[in-house]
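Asker: I would like the atomic coordinates for the input below:
(chains A and B)
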Amino acid sequence: MRRLLLFFVVCASIAVAAPLRVGAETLVRVQQSDGSIQVYHNVHATLNGKTLWLRSPDRKDRLQITSAACSFPHELQRCLPYQVVLHRPDRTHQIAITHGVFYVNLTSDPHQLLHSSQIVAPHSVVVFLHTVRGTYVSATGRLDAVK
Amino acid sequence: MRIVAVLLLLTLPSIAFAQRDRGGSGGGSRAPQPVSRPAPVSRPQPQPQNQGFNFNRDISPRPAVEQPQVRQQPVQRPVRAPQPVARGFHGSAVRNPHAPGGAWYWNRGVAWSPAPIYWGGGFWGPWAFGDLSAAILFGSIVDANNGVYQSYQVEPDSAGAQLLADYGLQQTPCGPPNLVVIWGPDNSVICAFPNSMVAPGNYQLDPSTLTLVSQ
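Answerer: Alright, predicted model coming up:
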């Protein structure tokens, strides 16, 4: 009886804690041109080559950030986004950007961003985008997958 | 029974942590909560109406009154892969003393390709055509067809800075004669003082090997 109870306790603790530990740990902040801000927790981030995918918490929207000019200053991979596409369930939308940058830390150690106090955690990404319409987008968090 | 009690005590913190996470924004239909740190702007942070990304301003047709006033519109330029001989440079290559020769060796074996909305594809730094306010103009070159090519200061941590360092070159504003003129990706150009390794003249950059090819 004691062993059975022990088994249930262990199973219950794993079931409650474990699913929330994996995946979707990126935080996305969208500041509109009028100053209003939306913050999205639990965004799923995937790096596929030079393309970064951010999936909204409701899993319906995906932001595709295509980049090039990737280089490796100071242990970080730095890429310059040039095309952003918002994939919604019904259609896709091009989002024109003026500029942006994303840093990827694929190492097991934290690294500091160049000329900044910000630290990029291991296996994490930091993204900045500025759209033609004046929207600022930032994303910070752990990569859920690297392909 | 004592063992069970101890195990319960040990697992309680992790359960509590998980509940906190769940309460923050983990629920499937719950709206994300605002971050706890102070907002960078003074106005309140409204929560998103749903958990889909809000880019309504960016995907809606351009309104008549709301135009970005301060930003220059990005110049739409065709995507062009770096062409080492695009300008007809067939001269001798000046060997890069710090690059052993393998393609993309200088970039950890990863092929570098230009990002089209940035000057020089981003080779010389993250200077976007749509926002050159951070870039420092560094002279210009006028070609035989009176085409003007603006030059900008190379960013210290860029691939271009690595090129200059490898050849021991120091960038200088374009315009004066007898300079090293380096044509980079997407018709970008920079200039440098000549040195014992690189004589004055026109050079084309081969980005795969980070090598200069003379005219």
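Asker: The chain: strands as residue ranges?
Answerer: Went with chain A since none was named. A:26-31, A:37-48, A:51-55, A:62-71, A:77-87, A:92-95, A:97-105, A:111-112, A:119-120, A:124-131, A:136-142, A:145-146 (DSSP state E).
Asker: meant chain B, my bad for not saying
Answerer: Assigned by DSSP E, chain B shows strands spanning B:93-94, B:137-142, B:148-152, B:170-171, B:180-183, B:189-193, B:201-206, B:211-214.
Asker: one step back: dump the strands of chain A to JSON lines, plus mean pLDDT and distance to residue B:94.
Answerer: Placement of C-beta: from N, CA and C, glycine included. Shown next, in JSON lines, are those (pLDDT from 0 to 100; distance: least, Cβ to Cβ, whole Å):
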{"stretch": "strand A:26-31", "mean pLDDT": "94", "distance to residue B:94": "45"}
{"stretch": "strand A:37-48", "mean pLDDT": "94", "distance to residue B:94": "36"}
{"stretch": "strand A:51-55", "mean pLDDT": "95", "distance to residue B:94": "35"}
{"stretch": "strand A:62-71", "mean pLDDT": "96", "distance to residue B:94": "22"}
{"stretch": "strand A:77-87", "mean pLDDT": "96", "distance to residue B:94": "27"}
{"stretch": "strand A:92-95", "mean pLDDT": "94", "distance to residue B:94": "42"}
{"stretch": "strand A:97-105", "mean pLDDT": "95", "distance to residue B:94": "31"}
{"stretch": "strand A:111-112", "mean pLDDT": "91", "distance to residue B:94": "34"}
{"stretch": "strand A:119-120", "mean pLDDT": "92", "distance to residue B:94": "36"}
{"stretch": "strand A:124-131", "mean pLDDT": "95", "distance to residue B:94": "36"}
{"stretch": "strand A:136-142", "mean pLDDT": "95", "distance to residue B:94": "42"}
{"stretch": "strand A:145-146", "mean pLDDT": "91", "distance to residue B:94": "37"}
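Asker: okay, those strands in a markdown table with distance to chain B and mean neighbour count next?
Answerer: What follows is the strands of chain A, written out as a markdown table (distance: least, Cβ to the nearest Cβ, whole Å; neighbours: other Cβ atoms under 10 Å in any protein chain shown):
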| stretch | distance to chain B | mean neighbour count |
| --- | --- | --- |
| strand A:26-31 | 6 | 21 |
| strand A:37-48 | 4 | 21 |
| strand A:51-55 | 8 | 21 |
| strand A:62-71 | 3 | 22 |
| strand A:77-87 | 4 | 22 |
| strand A:92-95 | 4 | 15 |
| strand A:97-105 | 3 | 23 |
| strand A:111-112 | 13 | 15 |
| strand A:119-120 | 14 | 17 |
| strand A:124-131 | 5 | 22 |
| strand A:136-142 | 9 | 19 |
| strand A:145-146 | 14 | 12 |
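Asker: mind checking which of the strands of chain B is nearest residue A:55?
Answerer: Residue A:55 sits nearest to strand B:148-152 of all the strands of chain B, at 36.1 Å, using Cβ to Cβ.
Asker: tell me the mean pLDDT for that closest one?
Answerer: Per-residue pLDDT values over strand B:148-152 give a mean of 93.
Asker: Comparing the strands of chain B, which comes out most buried?
Answerer: Of the strands of chain B, the one with the most neighbours on average (mean count of other Cβ atoms under 10 Å in any protein chain shown) is strand B:180-183, at a mean of 24.
Asker: can you map out the helices along chain B?
Answerer: B:2-21, B:56-59, B:159-167 (DSSP state H).
Asker: averaging pLDDT over each of those helices, which comes out lowest?
Answerer: Across the helices of chain B, the lowest-scoring stretch is helix B:2-21, with a mean of 47.
Asker: Can you check the pLDDT for residue B:44?
Answerer: Residue B:44 is given a pLDDT of 45.
Asker: Likewise for residue A:24?
Answerer: With respect to pLDDT, residue A:24 scores 75.
Asker: any idea how far residue A:30 is from it?
Answerer: For residue A:24, the distance to residue A:30 equals 17 Å [Cβ to Cβ, to the nearest Å].
Asker: So, low pLDDT: which residues of chain B?
Answerer: B:1-50, B:63-88 (pLDDT under 70).
Asker: give me every residue that touches the spatially closest residue to residue A:104 that is not a sequence neighbour.
Answerer: Setting aside the residues directly before and after it, residue A:104 is nearest to residue A:77 in space (Cβ to Cβ, 6 or more residues apart in numbering or on different chains), at 4.3 Å. Residues near residue A:77 by Cβ atoms under 8 Å, 6 or more residues apart in numbering or on different chains: A:70, A:71, A:103, A:104, A:105, A:106.
Asker: Figure out which of the strands of chain B is closest to residue A:42.
Answerer: Closest to residue A:42 of the strands of chain B is strand B:148-152 (Cβ to Cβ; 39.8 Å).
Asker: Neighbouring strands of that closest one in the sheet, and parallel or not?
Answerer: Strand B:148-152 has the following sheet partners, assigned by DSSP bridges: strand B:137-142 (antiparallel).
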